[in-house]
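S.K.: Have a look; sequence and predicted model below, questions after that.
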Amino acid sequence: MRLESGTVEFIEQQRVARLATVDAAGRPHIVPICFALGGSTLYTPVDEKPKRGHFTSLRRLRNIADNPRAAVVVDDYSDDWTRLAFVLVRGPAHLVRDLAAHAAAIVLLRARYPQYLAMALDDPERTPVVRIDPVHVLHWRAAG
């Protein structure tokens, strides 16, 4: 599925999103993420920011392994509620295993977040990247 240009523009203006995954029993798990778009594909790394334990124990990665259904919400909040907007992207999530695809995702992420230039992100065994392929996209904006 291709994202509409207005949706891409809105997503690229936001700095953080929330990734929702679901475990095998249907329990949801939501975390804030850094992300980049490559075409209509959304990428998010498991970077060097502090985590609770080794990345292999992260619930989001365990959930994706058990159940690839995921959702990402990118929103723009304002106290002026006539300016509220969000994009909800649903689709399968998986780890990027191909070395060239991982490297391309890291290039996108480093271009978006200068902090990533100082992080060792190039080894997919140490720094996994999650890919979400949109199947359903909802773009909502308050009437105003």
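M.R.: Looks like it arrived, so ask away.
S.K.: Strands of the protein, residue ranges please.
M.R.: In the chain, the segments counted as strands under DSSP state E are 17-22, 28-33, 36-38, 41-45, 69-76, 85-95, 129-132, 136-141.
S.K.: For the biggest helix by length in the chain, buried residues please.
M.R.: If you go by DSSP state H, the chain has its longest helix at helix 99-112. For helix 99-112, burial by neighbour count (16 or more other Cβ atoms under 10 Å) applies to A101, H102, A105, I106, L108, L109, R110, R112. Any C-beta I mention is one placed from the backbone N, CA and C, and that applies to glycine too.
S.K.: and the residue lying closest to Q14 once chain neighbours are set aside, what are its bridge partners?
M.R.: Spatial nearest neighbour of Q14, excluding adjacent residues (Cβ to Cβ, 6 or more residues apart in numbering): V74 at 4.8 Å. Taking DSSP bridges as the rule, V74 bridges to V87.
S.K.: all numbers from here: first residue = 722
M.R.: Shifting the count to begin at 722 puts that one at V795.
S.K.: hmm, back to that, can the strands of the chain go into TSV with extra columns for mean pLDDT, distance to T728 and mean neighbour count?
M.R.: TSV is the format used below for the strands of the chain (pLDDT from 0 to 100; distance: least, Cβ to Cβ, whole Å; neighbours: other Cβ atoms under 10 Å):
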stretch	mean pLDDT	distance to T728	mean neighbour count
strand 738-743	97	13	20
strand 749-754	96	18	13
strand 757-759	97	10	18
strand 762-766	97	11	23
strand 790-797	97	9	19
strand 806-816	97	6	19
strand 850-853	97	14	24
strand 857-862	96	5	13
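S.K.: quick one: which of those is nearest V729?
M.R.: Of all the strands of the chain, the one in closest proximity to V729, counting by Cβ to Cβ, is strand 757-759 (6.4 Å).
S.K.: distance between that closest one and the chain's centre?
M.R.: Its chain's C-alpha centre and that of strand 757-759 lie 9 Å apart, by Cα atoms, centre = their mean, to the nearest Å.
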